[in-house]
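**Q** Would you be able to build a 3D model of this:
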Amino acid sequence: MSDLSDTIVGVSPAICALRAYLPKVARSSATVLITGATGSGKERIAQAIHDVGPRAARPFVPINCAALPDALVESELFGHERGAFTGAVSASPGHFARADGGTLFMDEIGEMSWHAQAKLLRVLETHVVQPVGAGRPRPVDVRVIAATNQALETLVEAGRFRPDLYYRLNVARLVLPPLRERREDIPLLFRHAVNEMNTREHRTVGTADPELLGCLMAHDWPGNVRELRNLVESVFIDPPDGPVGLSHLPPVFQEMFSRYRSGPASERDRLLLALEQTNWNKAEAAKTLKWSRMTLYRRLAKYRLHRSA
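**A** Next up, the predicted model:
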């Protein structure tokens with residue numbers, strides 16, 4: 001089974017629990033529902049489930065349900081025969097057939113029309129598809145992983161999402177918290193993104209310096225992990241050969257972070273910043289914070305902080 005450390009990065013309780021639960025989900029054949037804010041990494045989690053599971057050698061097919069035109073949803077999902085409708089100049093297998101034996105990742109599942117939801121539910125229950133214009137249905141062996149940034153329960157109550165499909169999808173539920181709720185993961189995510197870019201661009205960019213790290217910890221990250229990764233990518237436009245400071249960011253990011261120059265305000269964030277600055281050397285972190293070591297250990301327990309292996 002593949003190592004998940006490059007996919008699920010962090011030391012927050014939510015991420016540690018997810019890292020422990022995901023291999024169990026991957027080994028099962030259960031349908032998966034991933035919920036989380038835009039940019040929180042839902043497709044990366046879906047890919048990880050596929051990669052560490054028994055279907056890893058078969059296709060992983062991602063689709064955006066919001067981009068499926070309702071008039072062509074059956075053709076897009078289940079395929080069609082040549083001449084089945086105007087413009088069908090050749091046969092198409094459809095997304096389910098392309099993912100046969102593997103995984104179909106259906107992002108933005110909450111955007112599907114009621115009509116499309118009914119068609120999807122039937123396939124999930126029967127494991128057969130009916131290509132448009134075909135004389136007989138075709139069996140498919142596909143694991144479906146669905147994702148949404150919406151509360152499907154609310155959509156069900158509003159009559160916009162079928163309750164039977166919701167129950168069919170909501171078997172293995174994975175919830176990705178927004179980055180602002182797991183700030184202890186920010187330094188690790190920044191370092192991980194820098195390392196990935198260094199490998200890709202053949203560079204030697206370092207991690208964030210103390211001033212920038214304080215800004216990273218103070219920012220609310222409305223775009224979540226995607227926003228953080230985009231920030232790191234911007235550094236590589238004119239990359240430094242060492243630590244990354246505010247001056248290495250494009251002007252738009254410098255201006256955005258200028259309000260955070262005083263650093264993180266909460267005790268928890270100040271503790272995290274001290275630990276990162278000292279490479280998690282607890283004695284040095286205690287000196288930085290002017291705490292006793294016993295005080296530091298009590299705060300680590302209070303905030304449930306620990307460094308990943």
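**Q** can you pull up the bridge partners for the nearest residue to N170 once chain neighbours are set aside?
**A** Spatial nearest neighbour of N170, excluding adjacent residues (CB to CB, 6 or more residues apart in numbering): L33 at 5.0 Å. For every residue, glycine as well, the C-beta is placed using N, CA and C. As for beta bridges, L33 partners with A146, R173 under DSSP bridges.
**Q** Correct me if wrong: L33 contacts A151.
**A** No. With contact defined as CB atoms under 8 Å, L33 does not count as touching A151 (11.7 Å).
**Q** more crowded one of these two?
**A** The neighbour comparison of L33 against A151 (other CB atoms under 10 Å) goes to L33, with 22 against 12.
**Q** In contact with the more buried one: list those residues for me.
**A** Contact analysis of L33 by CB atoms under 8 Å, 6 or more residues apart in numbering lists I109, I145, A146, A147, T148, L152, L169, N170, V171, A172, R173, L174.
**Q** Which pLDDT value goes with the last one?
**A** L174 carries a pLDDT value of 96.
**Q** I figured it hits V25, correct?
**A** Yes. Assessed by CB under 8 Å, L174 is found in contact with V25 at 7.1 Å.
**Q** okay, and the common contacts of those two?
**A** V32.
**Q** re earlier: list only buried entries from the contacts of L33.
**A** I109, I145, A146, A147, T148, L152, L169, A172, L174 (16 or more other CB atoms under 10 Å).
**Q** Reformat these into a markdown table and put distance to V123 next to each item.
**A** What follows is the buried ones among the contacts of L33, written out as a markdown table (distance: CB to CB, whole Å):
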| residue | distance to V123 |
| --- | --- |
| I109 | 14 |
| I145 | 14 |
| A146 | 13 |
| A147 | 18 |
| T148 | 18 |
| L152 | 18 |
| L169 | 12 |
| A172 | 18 |
| L174 | 22 |
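**Q** for these, which one is nearest F161?
**A** L152 (5.5 Å; CB to CB).
**Q** how about the host helix or strand of M256: buried residues?
**A** Following DSSP states H and E, one finds M256 within helix 251-257. Within helix 251-257, the residues scored as buried using 16+ other CB under 10 Å are F253, F257.
**Q** Now do that helix: everything it contacts.
**A** L212, C215, H219, L231, S234, L246, S247, L249.
**Q** Next SSE downstream of that helix?
**A** With DSSP H and E setting the assignment, the helix or strand that follows helix 251-257 is helix 267-277.
**Q** Quick check: pLDDT value at the spatially most central residue of the chain.
**A** In the chain, the residue lying closest to the centroid (CA atoms, centre = their mean) is G41, at 1.3 Å. Looking at G41, its pLDDT stands at 94.
**Q** Just want to check the distance between T38 and L188.
**A** The gap separating T38 from L188 is 21 Å, by CB to CB, to the nearest Å.
**Q** out of the two, which sits in the busier spot?
**A** The neighbour count for T38 versus L188, taken as other CB under 10 Å, is higher for L188 (18 against 13).
**Q** what about the closest residue to the more buried one other than its chain neighbours, helix or strand, and which?
**A** Here the nearest residue to L188 in space, its sequence neighbours aside, is V9; by CB to CB, 6+ apart that works out to 5.4 Å. Here V9, judged by DSSP H and E, is contained in no helix and no strand.
**Q** Buried residues, the helix or strand of the chain with the lowest mean pLDDT. List them.
**A** Taking mean pLDDT, DSSP states H and E as the measure, the chain has helix 267-277 as its least confident helix or strand, at a mean of 83. Applying a neighbour-count criterion of 16+ other CB under 10 Å, one finds R268, D269, R270, L271, L272, L273, A274, L275, E276, Q277 buried in helix 267-277.
**Q** Mind giving me the packing neighbours of that helix?
**A** helix 210-218, helix 282-289, helix 293-302 (3 or more CB pairs under 8 Å, 6 or more residues apart in numbering; DSSP states H and E).
**Q** Packing partners of the last one?
**A** Spelled out, that is helix 293-302. Contacts defined by 3+ CB pairs under 8 Å, 6+ apart place helix 293-302 against helix 267-277, helix 282-289.
**Q** and the angle for that helix with helix 267-277?
**A** 110 degrees (axes from the mean of the first three to the mean of the last three CA atoms, to 10 degrees).
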